[in-house]
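Asker: Structure for the following, please:
(2 chains)
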Amino acid sequence: MARIETQVLIIGGGITGVGLARDLALRGVACLLVEARDICAGASGANHGLLHSGARYVRSDPTAAVECREEGALITSLAPHCIEETGGLFVAVAGDDERHIADFPGLCARCGIEARALDPAEALRLEPVLSERLTAAYEVPDAAVDPFQLALDNLTDAMDHGTQLMLHTRVTGFHCSDRRIREVRLLHAPSGVETQVAAEQVVNAAGAWAREVAALAGVELKLHYSKGSLLITERRLARRVINRLRPAADADILVPGGTVSILGTTSIPIESLDRIVPTVAESEAILEAATAMVPSLAHTRFLRAYAGVRPLVVSGAAAEGRALSRGFALLDHAQDGLDNFVAIVGGKLTTFRLMAEKTADLICARLGVHRPGVTRTTALPSFAMNQWTRAGLSPRRWMEAGNPEDLLLCECEMVPASALEEILAGIRRQGIAANLTAIGRRSRIGKGTCQGAFCGVRLSAHLYDRGELSGRRGLAELRAFLAARWRGLRPVLWDAALLQEELQEALHCGYFGLDLEDGA
Amino acid sequence: MSDCTRITCDLCIVGTGMAGMSAALFAARRGLSTALVGRTGEIIFATGLLDLLGVHPVEEGRTWEDPWAGIAALVRDLPQHPYARLATEAIRSAFDEVLGFLEESGLPYCGRPDRNVAVVTSLGTLKTTYRAPLSCWAGIEAREGRRPCLIADIQGLKGFSARQIAETAGKAWPGLKTARLVLPALQGAGELFPERLARSLELDSHRQTLTEALRPHLEGVQAVGLPAVLGVSRPAAVRAAIEARLGLPVFEIPTMPPGVAGLRLKEAFERGLAGQGVMLFLENRVFRAAGSPAGAFQLEAGRAAPEVTIHANAVILATGRFMGGGLAADRHRVREPLFDLPVHQPGERDEWHRTEFLDPRGHPVNRAGIEVDASFRPLAGLGRAAFPQLFAAGSILAHQDWMRMKCGSGLAMATAWAAVAHAQRLLGRGEPAGA
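Answerer: Numbering: from 1, shown residues only, chains lettered A, B, ... in the order given. Sure thing, here's the model as predicted:
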């Protein structure tokens, strides 16, 4: 069995794990990052893409609100390429709680968050999709963030500073003795190859899966799971982030994401992480609730839905769902009998840098590394291979270049073969196979109206031509790719999306007979 | 056309997919004055392969070499399937009549008596079908005989990779060579579109460019497979000319729809139906339709707005499913938009689709549709026909899943055949079937 020695083993390739890897790498600490699936496979890739002004938490969690305000401003200045400074609105409609509305400006002021009162008519002029029954509106500095680009740029910068990466690799066991984790056993699922890692410090940044990882080391982590589902509209409905000014509830936020808008969310307590998929019932609940704020949603076409799990830290008094803190917790397992094991759980996408910094401070103190963190002041580089998740980028680039030989592999999102070359460079760097799902995660391929039905075929043909696929592997990949897209499609299949689905099935079952292929 | 244009006919067929086109052919040939109205978008998604029955039961993925035996089993197991309302002879007659017409129209088909055949798709999988265009035939035989062939693709034609086909089909068809042809002379650099490519190959100089590009790759090869772009209007002549140049059999592999195969069917039907005297309202949709219990129908049709009123004694609804517009779904239920006929359907939306796309059982919503009586008349509840002279044919019918059962063309032609026969009987007009 192969053996790796490193200073720090980071478990989890979400935004927290990659942020921590970058923070440590910039301090000169050697890290190995392992991720059971792929970058942003959990909640980091299944959220609104909202860079919080903090206004959303002024009532429920002022500490988190202040953190969001500060961190949001930092990310906007240090990673501007991942941010669209859309601004945000908080709006109330007739019937919403008057006292909640009246308190809002004062609560924002207390947290240092700018909230400018708008005349409802002015809000309606700024965002015509809003209901005409608006009773109050405030403007706040919310923004949109591309979590994939942010995570991939953090990862690439970390790797440029020495971080090692193992994707599709999960922890299968810990060997502990004398209050320390001595070795960690890893399994690379695609190959079945096992590796032993000896690390001075181990950080559990596995998000919702942190409980399972901790349990492998005999540590009980008190986490609650809250599933949240979101819907993506075919077109962008508003320029700004639109929040409903009321106590947190289903479907009270609409966030722009390049060419689309993202509507969410639900909050459903769940026990198991086995099958995290958005449901028809959730899509109905979101639509029922959201039309009061944006009436046209009742007739809007949706591309798909998706779901993520919020890991919520249980602290003290009984609480559940939305009442649990959205803050983060850095848990030192010395109290559980392991002196070189910590967990960083909970938190928000917006506060990932702070979470990483606090964790890195603790780890460095333990390692005797005295260099302070620099992520508060060091700009995040932008890497060409990581930019293709941004909606609207590839059509612009393709049209500017004007090269007719650069064929569009994805016609809905206009992703050309040249963009794929950059994406493949990133995938090779990250040491994984160039399969459809990995390419989809790093680009807009499969995210348009065809949801992979046509571009999946064009992409697999192109990968065979490039020698990236051989034998019958393309069939298994196409099946897996369509299966993954299906989870998001199923809750939105009515009207035009159902028509599109029929076309997909006519092609893949009627003609190709993928339903009869086992992919073997 | 002015807005007061008024047309009178025996039979108005709504829908220009395989079912509507076939129905118009059958009706015109039986002497019924016939109008055909449709948006003409869907048939271009056809692959050109004509299925009868490929798979039953779908949950077992059992494919049938003898489709007639498959139909016998299907009818036994699923007595509500539209095939259960048809005599085997009717299905045969429908197929024969349409295939005869297509042959006369320059689109000859091929197959084995009472046997399905396997066609290699552009993904390299094998598709079971009943009758294939003659242009595919050399490939079907070469694969059966495991003969070494060249599969060539064309740079710029997306979603068609010879290498993918050879790699994927390799087990079933060893010894496939591949080549990528670079043919800038045909269309310039950049993306090639199947239709333009196919039309350009109707010119001999372009065919020469193609065959010269193929020539260096022919050693040890017994046949040559190309994407289905060998001509639109005269595919047999185009292919024959290429074969003559190469001295080898040439076969086509259908491309990802919409492709040339669908276009050929569309052109053949449109030409042929016009020749049979069918009043064609192509690129038209029906905005409103009303029927009286006495049997007269009024349909307002046009491109962007109603332009013509069609008075018909009978109507065949061949509007297809969601793509064709025959069915429409909101968030809560599936409707039939033209006559607001009852639609057999699963309960809540959560039951429409299974949790896995490729669940072998198929999705319940794909068996939703119009239920009919023994004369293929849509039911209005309580087992009664909605209108005495309204018929339905093709994929709009309930209790079938043509995409999983691989029975789309057979279903379209045979139910169209039956609907026309019943219409003719009830109208008491026209000549006897088979005349």
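
Asker: where in the chain is pLDDT low?
Answerer: All of this is about chain A. A:315-326, A:519-520 (pLDDT under 70).

Asker: I was after chain B.
Answerer: Where chain B drops to pLDDT under 70, the residues are B:1-4, B:187, B:430-435.

Asker: Which single residue in it comes nearest to chain A?
Answerer: Proximity of chain B to chain A (C-beta to the nearest C-beta) peaks at B:G190, 3.0 Å away. (Each C-beta comes from the backbone N, C-alpha and C, glycine too.)

Asker: and A:T375, what helix or strand is that in?
Answerer: Take DSSP states H and E as the rule and A:T375 turns out to sit in neither a helix nor a strand.

Asker: one step back: okay, now the closest residue to the residue of chain B closest to chain A other than its chain neighbours: neighbour count?
Answerer: Ranked by C-beta to C-beta, 6 or more residues apart in numbering or on different chains and with sequence neighbours excluded, the top spatial neighbour of B:G190 is A:P404, at 3.0 Å. Number of residues near A:P404 (other C-beta atoms under 10 Å in any protein chain shown) recorded here: 11.

Asker: how about the helices in the stretch 1-150 of chain A?
Answerer: Listed in chain order, the helices of the stretch 1-150 of chain A (DSSP state H, counting those that start in this stretch) span A:15-26, A:62-78, A:98-110, A:120-126, A:147-160.

Asker: out of those, which comes closest to chain B?
Answerer: Closest to chain B of the helices of the stretch 1-150 of chain A is helix A:147-160 (C-beta to the nearest C-beta; 23.8 Å).

Asker: Quick check: buried residues in that closest one?
Answerer: In terms of neighbour count (16 or more other C-beta atoms under 10 Å in any protein chain shown), helix A:147-160 has its buried residues at A:147-159.

Asker: part of a strand, is A:T172?
Answerer: Yes. The assignment for A:T172 is a strand, going by DSSP: H, G, I helix; E, B strand; the rest coil.

Asker: how is chain B carved up into domains?
Answerer: In terms of domains, chain B is parsed into B:5-104+B:263-427, B:122-253 (source: automatic domain parsing).

Asker: I'd like those written out as TSV, with distance to A:V197 and mean neighbour count added.
Answerer: Formatted as TSV, the domains of chain B follow (distance: least, C-beta to C-beta, whole Å; neighbours: other C-beta atoms under 10 Å in any protein chain shown):
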stretch	distance to A:V197	mean neighbour count
domain B:5-104+B:263-427	36	21
domain B:122-253	37	20
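
Asker: picking that back up, most tightly packed of the helices of the stretch 1-150 of chain A?
Answerer: Among the helices of the stretch 1-150 of chain A, ranked by average contacts under mean count of other C-beta atoms under 10 Å in any protein chain shown, first place goes to helix A:15-26 (a mean of 29).

Asker: So which elements touch it?
Answerer: Here helix A:15-26 touches strand A:2-11, strand A:31-34, helix A:147-160, helix A:352-367, going by 3 or more C-beta pairs under 8 Å, 6 or more residues apart in numbering or on different chains; DSSP states H and E.

Asker: so which of those comes closest to A:L230?
Answerer: Proximity to A:L230 (C-beta to C-beta) singles out helix A:147-160 among those, at 12.5 Å.

Asker: Name the surrounding residues that touch the closest one.
Answerer: The contact list for helix A:147-160 (C-beta atoms under 8 Å, 6 or more residues apart in numbering or on different chains) reads A:13-15, A:18-19, A:21-22, A:24-26, A:31, A:33, A:39-40, A:44-45, A:47, A:49, A:75, A:79, A:81-82, A:163, A:165, A:349, A:380-383, A:385-387, A:389-390, A:426, A:429-430, A:441-442.

Asker: Please apply the same query to stretch B:82-90.
Answerer: Residues from elsewhere that reach stretch B:82-90 (C-beta under 8 Å, 6+ apart): B:53, B:68, B:71, B:74-75, B:78, B:91, B:372, B:374, B:376, B:397, B:399-400, B:407, B:410-411, B:414-415, B:417-418, B:421.

Asker: Ok, stretch A:383-401 next?
Answerer: Stretch A:383-401 is contacted from outside by A:81, A:146, A:148-149, A:152-153, A:156-157, A:257-260, A:406, A:408, A:413-416, A:418-419, A:422-423, A:425-426, A:429, A:441-444, A:447, using C-beta under 8 Å, 6+ apart.

Asker: Among these, name the buried ones.
Answerer: Buried among these by 16+ other C-beta under 10 Å: A:81, A:146, A:148-149, A:152-153, A:156-157, A:257-260, A:406, A:408, A:413-416, A:418-419, A:422-423, A:426, A:441-444, A:447.

Asker: Out of those, which sit inside strands?
Answerer: Among the buried ones among the contacts of stretch A:383-401, the ones falling in strands (DSSP state E) are A:257, A:260, A:408, A:415-416.

Asker: Out of these, which are close to chain B?
Answerer: The residues of these that also fall near chain B, by C-beta under 8 Å from any C-beta of the partner chain, are A:L408.

Asker: returning to that earlier point: the helices of the stretch 1-150 of chain A into TSV, with extra columns for distance to B:V278?
Answerer: As requested, the helices of the stretch 1-150 of chain A are exported to TSV (distance: least, C-beta to C-beta, whole Å):
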stretch	distance to B:V278
helix A:15-26	63
helix A:62-78	65
helix A:98-110	66
helix A:120-126	54
helix A:147-160	54
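
Asker: gap between the two ends of stretch B:167-179?
Answerer: Distance across stretch B:167-179, first residue to last, is 13 Å (C-alpha to C-alpha, to the nearest Å).

Asker: One more: stretch A:235-246?
Answerer: Stretch A:235-246: ends 26 Å apart by C-alpha to C-alpha.

Asker: Give the buried residues for that stretch.
Answerer: A:236-238, A:240-246.

Asker: So which of the residues you listed is the closest to B:Q345?
Answerer: So of the buried residues of stretch A:235-246, ranked by how close each gets to B:Q345 (C-beta to C-beta), first place is A:L237, at 30.5 Å.

Asker: how about the closest one, what does it touch?
Answerer: Contacts for A:L237 (C-beta under 8 Å, 6+ apart) come out as A:129, A:254, A:256, A:261, A:294, A:296-297, A:300.

Asker: Which residues are in contact with the residue in the stretch 301-450 of chain A that chain B sits nearest to?
Answerer: Nearest residue of the stretch 301-450 of chain A to chain B, counting by C-beta to the nearest C-beta: A:P404, 3.0 Å away. A:P404 makes contact with B:188-191, according to C-beta under 8 Å, 6+ apart.
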